[in-house]
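Peer 1: okay, sequence plus prediction incoming.
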Amino acid sequence: AAYLFVCISPINILSVAPLFFLGSTLIFIGYDLLWEWLVDIREKLFLMEYLVLLTTFIAIQIIGMDFGIIFGVVVAVIDHVASTTRISSLQRVMKRSRAVWSNDHWQLLQLHGYHPSNPKIVTLELSGPVFFGSSQKVMDEIMDEIGLSVSEDEVKKMSMASPHTSTHISGLRRNNSFPKNRRVQVKPKVMMPRYVVIDISEMHLLDASAATSCFGQLAKLCEKRGIFLFAAGVLPRVECMLRSHEVSLKFEEEVEWKQSILLNEDKQNGKLILFETLFEALEFSERLLIQSKSRHGHENLMRSDASQLNSHLIDADSSHHKLTYIFTNILREELSEDEKSLIDGIGPYYEETTFRGGEPIFQKDTHPDAFYIVLKGAVAVPRDRKRSEKIASPKVLSSSNLMELSLSSSNLMAIGDDDTSLISSFHNVGGIFGYCDFLLKRQRTFHAYASGDATVVARFTSQSLETMKRDDWPLYVIVQNLLLQASLMDLANCTCHN
């Protein structure tokens, strides 16, 4: 009623009400708000957020309400950009591909590729956005991890390429001459690898300056030192940035280079080579390493294990069952003739299923009634997505056949008519998948799709394993050892325990 009276009354309330009463009320409200937003709020904000708040308050007192708030917004934006550019992180991880190598190849990779003190293959994980403010920091960290040092001439060129950047590596102003007595800090020497694989699947943002000043410069430095620089798991937006600024090759050129590099391992191009998944990049690096070692007297290493397995699987005159060769390579030990004979009799305990390209093998959140072994082609595992639909495109790129147009570039699989999904991993010939959910008896935690036409998998059901356990116990033990070995290999590639 009082509010309605004030609104419709023809009398000016300020002419009859005591001014000291209204003034004291406004002062009380002002001090209460001031205390609440400047004192009480201190315990609820981070230090930088509180400093932005104080800066805005002081600006309002000096330059007025409107311009003070605008000034505070500008300060908040600057703080957001500065804090965002600092959250990118780099760490070195120990991972291997999921390729099925023979015991000789495995030992060669263990001795040279993943040697504890002098590995030829190094894997790095980069997460968070990379902007102009953090690109130099990321580049410095990568160079430290792989033992890459720069000369004074290279420092000059790098600084001229990024004239607005000032750091301990490229900290030269455009108009300043290079100090002759300047020395680059020397850290404990790290043996440089031959292949560097950077997993950038968690790097969701990359700007143009970071693409050229970080990855472009890094690729050129690696080329001069005979290092192959690969990036895996690149997101579409980041891939577009890298290709448009010529940090990476165009798709057709990249496919051609990957094909030719298998024939000429020393061919360098000074570009960042992109792969769909981390495991594909690692498998490519391992193939190149085996190939390079084969030129030094190991001629039998020239042929990849995948092609050897394929030849055994399609050769009707093979002396053993097709799964015997797969079991031997995965277990990485020489099986006795009796054990091979046991595996030769595995036929009744599984069924072969053929899938078309893009056809689902199983869907997420379904009952785990079996585990699978790839006999032909490859199986793609897309990253988690909200809806599960059949893959419409029959041309899901595969990493298994390196001599076809399957050498990876775009890491998108078409889902339906208007949806896409990023590839998480591939399972090539000899790959085992679906066994964790199968053994734990839980719902499927991922989707699996055939990545090409005529993909053939061996399907082992719980009923067939129970029959094997009852009728052929020694063979059942071999299968359990196979699943244990596959579990250990997956566990070794997991960084959750680091």
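Peer 2: Cool, the structure landed.

Peer 1: who are the contact partners of Y476?
Peer 2: Contacts for Y476 (CB atoms under 8 Å, 6 or more residues apart in numbering) come out as 465, 468-469. The C-beta positions use only the backbone N, C-alpha and C, and glycine is treated the same way.

Peer 1: and those as TSV, adding neighbour count, distance to T25 and secondary structure?
Peer 2: Converted to TSV, the contacts of Y476 look like this (neighbours: other CB atoms under 10 Å; distance: CB to CB, whole Å; DSSP: H, G, I helix; E, B strand; the rest coil):
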residue	neighbour count	distance to T25	secondary structure
L465	19	81	helix
M468	22	86	helix
K469	15	85	helix
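
Peer 1: for the residue sitting nearest the centre point of the chain, which three-state class applies?
Peer 2: Nearest to the mean C-alpha position of the chain, by CA atoms, centre = their mean, lies S201 at 3.1 Å. Look at S201: counting by DSSP: H, G, I helix; E, B strand; the rest coil, its state is strand.

Peer 1: how much space between it and K137?
Peer 2: 20 Å (CB to CB, to the nearest Å).

Peer 1: go through stretch 346-364 and flag the buried ones.
Peer 2: In terms of neighbour count (16 or more other CB atoms under 10 Å), stretch 346-364 has its buried residues at 346, 349-350, 355, 357-358, 360-362, 364.

Peer 1: same question, stretch 472-483
Peer 2: Buried, per 16+ other CB under 10 Å, within stretch 472-483: 472, 475-476, 478-479, 482-483.

Peer 1: repeat for stretch 482-490
Peer 2: Neighbour-count burial for stretch 482-490 [16+ other CB under 10 Å]: 482-483, 485-486, 489.

Peer 1: pull the contacting residues for the nearest residue to the residue nearest to the centre of the chain once chain neighbours are set aside.
Peer 2: Of all residues not flanking S201 in the chain, G233 sits nearest, at 2.9 Å (CB to CB, 6 or more residues apart in numbering). Applying CB under 8 Å, 6+ apart, we find G233 in contact with 199-202, 275-278, 411, 422.

Peer 1: repeat that for F67.
Peer 2: Here F67 is in contact with A59 (CB under 8 Å, 6+ apart).

Peer 1: likewise for G347?
Peer 2: With CB under 8 Å, 6+ apart, G347 has these contacts: H321.

Peer 1: and the pLDDT at it?
Peer 2: Note for G347: predicted pLDDT of 91.

Peer 1: for D471, see how far away it is.
Peer 2: 13 Å.

Peer 1: quick one: the helices in the stretch 301-450 of the chain, in order.
Peer 2: With DSSP state H, counting those that start in this stretch, the ranges of helices along the stretch 301-450 of the chain come out as 305-314, 322-331, 337-344, 435-440.

Peer 1: mind checking the ones you listed for the one nearest to E125?
Peer 2: Smallest distance to E125 across those (CB to CB): 22.2 Å, for helix 435-440.

Peer 1: just the ones of the buried residues of stretch 472-483 in helices?
Peer 2: Under the assignment DSSP state H, the buried residues of stretch 472-483 contribute 475-476, 478-479, 482-483 to helices.

Peer 1: what residue ranges in this protein score low on pLDDT?
Peer 2: Applying pLDDT under 70 to the chain flags the ranges 1, 14, 84-88, 133, 152-190, 264-266, 295-318, 384-422, 495-498.

Peer 1: how about the strands in it?
Peer 2: For the chain, strands defined by DSSP state E occupy the ranges 89-93, 121-127, 195-202, 228-232, 273-275, 351-355, 360-362, 370-376, 379-382, 412-415, 419-427, 432-433, 448-450, 455-461.

Peer 1: dump those strands to CSV, plus distance to I261.
Peer 2: Shown next, in CSV, are these (distance: least, CB to CB, whole Å):
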stretch, distance to I261
strand 89-93, 24
strand 121-127, 15
strand 195-202, 11
strand 228-232, 8
strand 273-275, 9
strand 351-355, 31
strand 360-362, 31
strand 370-376, 25
strand 379-382, 23
strand 412-415, 24
strand 419-427, 19
strand 432-433, 28
strand 448-450, 27
strand 455-461, 26
